[in-house]
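K.L.:
for reference, the sequence and a predicted model appear below.
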Amino acid sequence: MFRRNASFEVTLTPAGSSPLASMSDEPRQFLLDRALDEFVADLGALDAAASTMVPGAARPRIDTAIDQAAPTIVDGTLLVSGQEVMQTWEEPLMRALAEAVTVPGGSVLEIGFGLGLSAGLVQERGPGRHVIVEANPDTAAAGRHWARADGRRGVEIVTGRWQDALAGLGRFDGVLFDTYPMDESEVDTYVLRDATFAEHFFAHAAEHLADGGAFTYYSNEIDSLSRRHQRALLRHFRSFSVRIVDGLRPPADCSYWWAPSMAVVIARDPRRP
């Protein structure tokens, strides 16, 4: 099983117990070929899309946990423990996320305040209840100051990690997850190993989403969803839709996103125990 592209070559070599060994030869070969072709197509699409991306820059290590470090805002970037936690170029993406989960008079649970971009856009749509969980105490304090502004209603800022804050909050018509890894352990486990950083929140989103509600999150996907991303979603939700937000302009030295687009996922119909 060998594939050659103009830029790379791929060989699939079974080791030990062969993949799909319990199947007969013809369907086994069909499925293996399809899996290999999908990998080649995905890598080819990434290679082609690279010409539209910014070069990006290396991310420094998180020396102090994000909820224990002092945040600063420099030229539209929220910096915490040396990390670019959020930047103002995300506004079009945040608007799409806010629109996905907010209905006038409804309830919204938002995980992560950051620069308050999505929070402000949620408020524009007039929720009846808007709960924001923010792990960093200084950023949460900025959120409480923001919430007191005229015209903002139904806002509750909860300080703490979402893992400690969710109990007792109930269910919401919309759930929006856009937070940052707390430390290098979370980067390794949830960013580098999971299908998407939000995957470890999927079960909690399903638990706290009201019937008929919508869940969305920062997807880290450029123009579609990988199969393992879809499988992770479908373990906790019965359906989802995807739209692409174009026109994103991350700076050339951005350390966490490089493409001019991102897929916005709206998951519905949570699977409950």
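P.N.:
Nice, I can see it.

K.L.:
how about the residue nearest the centre of the chain, what does it touch?
P.N.:
The chain has Y218 as the residue nearest its centroid, 2.6 Å off, counting by Cα atoms, centre = their mean. Contacts here follow Cβ atoms under 8 Å, 6 or more residues apart in numbering; on that basis Y218 touches L93, L97, F177, D178, F197, A198, M262. C-beta here means a position set from N, CA and C on the backbone, and glycine is covered the same way.

K.L.:
burial count for the residue nearest to E90 when sequence neighbours are not counted?
P.N.:
Once flanking residues are discounted, E90 sits nearest to L117: 6.1 Å by Cβ to Cβ, 6 or more residues apart in numbering. For L117, the count of nearby residues is 23 (other Cβ atoms under 10 Å).

K.L.:
can you check F197 too?
P.N.:
Count around F197 with other Cβ under 10 Å applied: 23.

K.L.:
try the one 10 residues further on
P.N.:
Close neighbours of E207, defined as other Cβ under 10 Å, add up to 14.

K.L.:
so what's it up against?
P.N.:
L166, P270, R272 are the contacts of E207 under Cβ under 8 Å, 6+ apart.

K.L.:
and the first one, how close does it get to D37?
P.N.:
When Cβ to Cβ, to the nearest Å is applied, the distance between L166 and D37 equals 41 Å.

K.L.:
so between these two, which is more surrounded?
P.N.:
Shown here are L166 and D37; by other Cβ under 10 Å, L166 has more neighbours (20 against 13).

K.L.:
doesn't G174 belong to a helix?
P.N.:
No - counting by DSSP: H, G, I helix; E, B strand; the rest coil, G174 falls outside a helix, being strand.

K.L.:
residue contacts, it?
P.N.:
So G174 contacts 100-103, 106-109, 127, 213-216 (Cβ under 8 Å, 6+ apart).

K.L.:
so A205 makes contact with V175?
P.N.:
Yes - counting by Cβ atoms under 8 Å, A205 touches V175, with 4.9 Å between them.

K.L.:
just the element for A142, please.
P.N.:
Here A142 is covered by helix 137-147, with elements defined by DSSP states H and E.

K.L.:
which strands or helices does that helix pack on?
P.N.:
When contacts are defined as 3 or more Cβ pairs under 8 Å, 6 or more residues apart in numbering; DSSP states H and E, helix 137-147 packs onto helix 117-124, strand 129-134, strand 155-159.

K.L.:
give the ChimeraX command for selecting the buried subset of the contacts of G174.
P.N.:
To isolate the buried members of those in ChimeraX, using 16 or more other Cβ atoms under 10 Å:
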select :100,101,102,103,106,107,108,109,127,213,214,215,216
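
K.L.:
which non-adjacent residue is nearest V155?
P.N.:
Closest to V155 by Cβ to Cβ, 6+ apart is A147, at 3.9 Å.

K.L.:
distance of that neighbour relative to D173?
P.N.:
Using Cβ to Cβ, A147 is found at 19 Å from D173.
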